[in-house]
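Participant: following is a predicted model, sequence given first.
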Amino acid sequence: MKLFDVYNQWNIEPVKGLGCKLWDNNGDEYLDLYGGHAVISIGHAHPDYVAALTQQLGQIGFYSNAVLSSLRDTLSEKLGEVSGYPAYSLFLCNSGAEANENAMKLASFHTNKRKIMAFKGAFHGRTSGAVAVTDNPKIRAPFNQTNNVTIVPLNDLSVVEQELQSGDYAGVIIEGIQGVAGIVMPSDAFLKSLRALCTQYGAILILDEIQSGYGRTGKFFAHQYADIEPDVITVAKGMGNGFPIGGVLISPTIAAQKGMLGTTFGANHLACVAAITVLEVIKKQNLVQQAKILGEFVFESLKNASAIKELRGRGLMVGIELKPECANLRADLLSKHRIFVGSSGANVIRLLPPLTITKAELQKVIDVIR
């Protein structure tokens, strides 16, 4: 049996990581400015993370949600404290797509409506419901086609209100910053007005903070720049620093019913310990504020680079739109300078490094890009 061939891959096999560095099976060292799709939040092999998971694995690695777990309670309390949402409830699952599926299901249960609004450029996952609200027909199979989803232009309030006036919408799902689209931002004013419109027309506002959350933008969640509170917030990626875990933060206005949501592997002991440790490190090392400071440094350093058309994003979620196509630059960064970066489309490089990256490491990348 061989692997199903669905991924474009670089001919590199990382076998070791430490902080923001990777080493491949030939012993070559790389600087990781991609973090495996923005997943590595506190760095590779962080000593606190390794110790906590190792200790937990020696005790119990898994049991289902049919029994109590103080680790789940601890994670919920810490996430509420660090995120600024202590009054919200937490449902734990395994991934971002699963978090979004459950968020939309909650909206439908709560409102007894079936339609969901999403936005041009959105990416919310590849499972059935999540891919239906993802603006990419190439990854949406005939099975995923539905009349219950409307995709509208981002930052266009008139279209949003025109749709919501029908009263048919259970919810609106929007990314804090669109990552896959190339670090495209809803304006703060748009988010404020969207919050008001959802309240006015009885739709649940779902903020997908899967890539833009966990301190990456210089606030714990990107939507906090707009000073709004969504009804539901979804998280994953940096939540576990590589250990699969996702979550749904749920407003006190939405009631739970037994059996409404469920998962086999979600909230297992190892996942909870991973997520607890990530929050402890973020708080101890002041990584949210550091992301803000380092992001400002990157923007200031690159703002006058001649080949850059536009810089977008916040904190350590940076989109660099180039005038030429970026494929050659990405290849050069990797082969000549041993630097991993992400991309979106033909012209956009994404920088999504671990939040523990240093100014000196960022300076190396900036010098090469310039």
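Facilitator: The structure has been received and is ready for your questions.
Participant: could you pull out the helices in the stretch 151-300 of the chain for me?
Facilitator: 157-164, 188-201, 269-284, 287-302 (DSSP state H, counting those that start in this stretch).
Participant: who does the shortest one touch, helix- and strand-wise?
Facilitator: Right, the one you point to is helix 157-164. In terms of contacts (3 or more C-beta pairs under 8 Å, 6 or more residues apart in numbering; DSSP states H and E), helix 157-164 is packed against strand 115-119, strand 149-152, strand 169-175, helix 188-201. Every residue, glycine included, has its C-beta placed from N, CA and C.
Participant: please apply the same query to the third one.
Facilitator: Here helix 269-284 touches helix 47-57, helix 70-83, going by 3+ C-beta pairs under 8 Å, 6+ apart.
Participant: quick one: residues in contact with that helix.
Facilitator: Applying C-beta atoms under 8 Å, 6 or more residues apart in numbering, the contact partners of helix 269-284 are 41-42, 46, 48-49, 52-53, 56-57, 59-63, 69, 71-72, 74-75, 78-79, 82, 92, 94, 214-215, 238-245, 247, 265, 287-288, 355.
Participant: which one of the helices and strands packed on helix 157-164 lies nearest to residue 36?
Facilitator: strand 169-175 (18.7 Å; C-beta to C-beta).
Participant: same for that closest one, what does it pack against?
Facilitator: If you count contacts as 3+ C-beta pairs under 8 Å, 6+ apart, strand 169-175 packs onto helix 96-111, strand 115-119, helix 157-164, helix 188-201, strand 204-208.
Participant: out of the ones you listed, deepest packed?
Facilitator: Highest mean neighbour count of the helices and strands packed on strand 169-175: strand 204-208, a mean of 29 (counted as mean count of other C-beta atoms under 10 Å).
Participant: strands paired with it, and their directions?
Facilitator: strand 169-175 (parallel), strand 232-235 (parallel) (DSSP bridges).
Participant: as CSV, the ones you listed with mean pLDDT, mean neighbour count and distance to residue 343 would be great.
Facilitator: As requested, the strands paired with strand 204-208 are exported to CSV (pLDDT from 0 to 100; neighbours: other C-beta atoms under 10 Å; distance: least, C-beta to C-beta, whole Å):
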stretch, mean pLDDT, mean neighbour count, distance to residue 343
strand 169-175, 98, 26, 18
strand 232-235, 98, 28, 24
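Participant: looking at those, which is nearest to residue 4?
Facilitator: strand 232-235 (27.2 Å).
Participant: can I get that closest one as PDB, trimmed to CA atoms?
Facilitator: Written as PDB, here are the backbone C-alpha positions of strand 232-235 (Å, rounded to 0.1, in the frame of the first residue of the first chain):
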ATOM      1  CA  VAL A 232     -19.300  31.600  19.100                       C
ATOM      2  CA  ILE A 233     -15.500  31.400  18.500                       C
ATOM      3  CA  THR A 234     -13.700  28.500  17.000                       C
ATOM      4  CA  VAL A 235     -10.100  27.600  17.700                       C
END
